[in-house]
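A.B. asks: Have a look at this fold, sequence not included:
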């Protein structure tokens with residue numbers, strides 16, 4: 001997910017994207033805890049995507 005793609009989205013779309021990513025992160029953590037997760041790099045990718053979305057949300061909040 002590129003930051004330029006995120007900047008093109010509006011506030012409600014970014015909020016929904018953040019909620020989806022947080023659910024995905026929770027799911028991956030549960031899979032890791034039950035040792036069902038084979039590709040652990042997915043956790044890192046989701047964490048970074050969450051950070052990207054939060055950064056864009058903060059930029060939009062400061063711009064207002």
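C.D. replies: Noted; the coordinates are in hand. Just so it is clear, the structure is predicted and the values come from calculations on it, not from any experiment.

A.B. asks: ok, residue 49 to residue 26 distance?
C.D. replies: 14 Å (Cβ to Cβ, to the nearest Å). For every residue, glycine as well, the C-beta is placed using N, CA and C.

A.B. asks: Looking at these two now, which is surrounded by more residues?
C.D. replies: residue 49 (18 against 11; other Cβ atoms under 10 Å).

A.B. asks: Relative to residue 58, how far out is that one?
C.D. replies: Taken as Cβ to Cβ, the span from residue 49 to residue 58 is 15 Å.

A.B. asks: go on, residue 48?
C.D. replies: From residue 48 across to residue 58, the span is 15 Å (Cβ to Cβ).

A.B. asks: now residue 32
C.D. replies: On the measure of Cβ to Cβ, residue 32 and residue 58 end up 28 Å apart.

A.B. asks: So for the two, which residue has more residues nearby?
C.D. replies: More crowded of residue 32 and residue 58, by other Cβ under 10 Å: residue 32, with 14 against 10.

A.B. asks: Within the helices and strands, which one has the more buried one?
C.D. replies: helix 11-33 (DSSP states H and E).

A.B. asks: now what about that helix, what contacts it?
C.D. replies: 6, 9, 37, 40, 42-43, 46-47, 49-50, 53-54, 56-57, 60 (Cβ atoms under 8 Å, 6 or more residues apart in numbering).

A.B. asks: Next, count neighbours for residue 54.
C.D. replies: 13.

A.B. asks: now swap in residue 20 and tell me
C.D. replies: 13.
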